[in-house]
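[1] What follows is a predicted protein model with its sequence.
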Amino acid sequence: MLATRMPKAKGLVALALPLLVLASCGPKQTETPIANIPAPLPENLPLVEPPPPPPVMIGKSKGEDLWHLRSGLNVAVLLCQGADNQAMVASYNRLLNVHKALLSTAAQSEVDHFRIGGGKKWQDAYDDHMTRVYNGYSGTLTREPFCSRSKAILEEAVADTTPAFTEKATVMLWELNKAAGIPDPDGKLARAALQPVASAEPVSGPSGLTARPR
């Protein structure tokens with residue numbers, strides 16, 4: 001059986017040689033260089049949903065938003081004992097003077113919410129409410145962002161006219177809450193973001209109450 005296979009193998013080799021000779025006679029092919037990419041490829045970033053717009057109202061009224069904002073900033077000037085503390089205290093005291101009448105009205109509107117609907121123990125309910133507000137800021141676990149944002153809000157607020165500060169108060173409070181890491185467990189802020197802009201009422205009224213750092 002070996003004698004019958006060998007001639008076939010030699011025949012294949014003999015046929016292959018002319019093919020190699022013919023192939024070598026053709027034009028020599030040159031490799032095309034790979035062109036350089038002029039710019040880096042963009043990063044494959046995941047799709048990120050845009051954040052919701054700030055709410056038109058966070059509390060029961062614009063007055064409450066203003067008073068809670070003042071409360072949060074009050075905590076900030078006591079809590080943020082860094083290099084910016086003196087500037088923050090000066091801005092806070094200026095805020096109380098520049099917007100004295102507005103903050104007085106905001107404080108009264110907050111008291112009225114509890115006095116009208118709180119019965120004989122409205123004062124206790126009010127005190128408990130404000131204690132929770134202060135504790136929410138003083139217990140922040142994100143102190144650095146909270147202090148940084150508070151400083152920026154104070155600087156902006158003292159430069160604003162009273163109407164401009166009133167209009168911005170809810171957005172400022174929303175930003176301050178985010179910086180402090182205050183949660184939204186019942187989705188109130190998310191629902192408030194869907195309210196029409198017309199629901200925001202400006203606060204105006206006589207002066208008479210001045211808040212002081214505690």
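    Sure thing, it's come through. Numbers count the residues shown, from 1 in each chain.
[2] the helices in the chain, which residues?
    2-25, 62-79, 85-98, 100-117, 122-138, 143-159, 162-180, 188-192 (DSSP state H).
[3] in the third one, what counts as buried?
    The neighbour-count check on helix 85-98 (16 or more other C-beta atoms under 10 Å) flags 85, 88-89, 91-92, 95-96, 98 as buried. Using the backbone N, CA and C atoms, a C-beta is placed for each residue, glycine as well.
[4] related to what we said a few turns ago, please identify the deepest-packed of the helices of the chain.
    Among the helices of the chain, ranked by average contacts under mean count of other C-beta atoms under 10 Å, first place goes to helix 62-79 (a mean of 24).
[5] where are the low-confidence patches of this structure?
    Low-confidence segments of the chain (pLDDT under 70): 1-42, 45, 50-52, 184-214.
[6] hang on, the earlier thing: closest one to Gly181 out of the buried residues of helix 85-98, please.
    Closest approach to Gly181 among these (C-beta to C-beta): Met88, at 19.2 Å.
[7] these two touch, right, Gly118 and His129?
    No - using C-beta atoms under 8 Å as the test, Gly118 is too far from His129 to be in contact (9.6 Å).
[8] residues contacting Asp160?
    Lys168 (C-beta atoms under 8 Å, 6 or more residues apart in numbering).
[9] What separation do you get for it and Leu154?
    Computed as C-beta to C-beta, to the nearest Å, the Asp160 to Leu154 distance reads 11 Å.
[10] before we move on, what about Ser109?
    Distance from Ser109 to Leu154, by C-beta to C-beta: 22 Å.
[11] Same question for Leu176.
    Taken as C-beta to C-beta, the span from Leu176 to Leu154 is 10 Å.
[12] Identify the contacts common to the two.
    Listed as contacting both Leu176 and Leu154 by C-beta under 8 Å, 6+ apart are Leu73.
[13] Now do the contacts for the closest residue to Leu176 other than its chain neighbours.
    Spatial nearest neighbour of Leu176, excluding adjacent residues (C-beta to C-beta, 6 or more residues apart in numbering): Gly72 at 4.9 Å. Neighbour list for Gly72: 133, 137, 150, 173, 176-177, 180 [criterion: C-beta under 8 Å, 6+ apart].
[14] so can I have a markdown table of these showing distance to Val56?
    Converted to a markdown table, the contacts of Gly72 look like this (distance: C-beta to C-beta, whole Å):
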| residue | distance to Val56 |
| --- | --- |
| Val133 | 20 |
| Tyr137 | 22 |
| Ser150 | 22 |
| Leu173 | 12 |
| Leu176 | 16 |
| Asn177 | 15 |
| Ala180 | 20 |
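[15] what's the farthest-apart pair in the residues you listed?
    Val133 and Ser150 (14.6 Å).
[16] wait, which of the helices of the chain is closest to Val48?
    Shortest distance between Val48 and the helices of the chain, using C-beta to C-beta, is found for helix 162-180: 16.4 Å.
[17] my read: Trp67 touches Gln108, true?
    No - here Trp67 does not reach Gln108: they are 9.3 Å apart, not a contact under C-beta under 8 Å.
[18] Cool, thanks, talk later.
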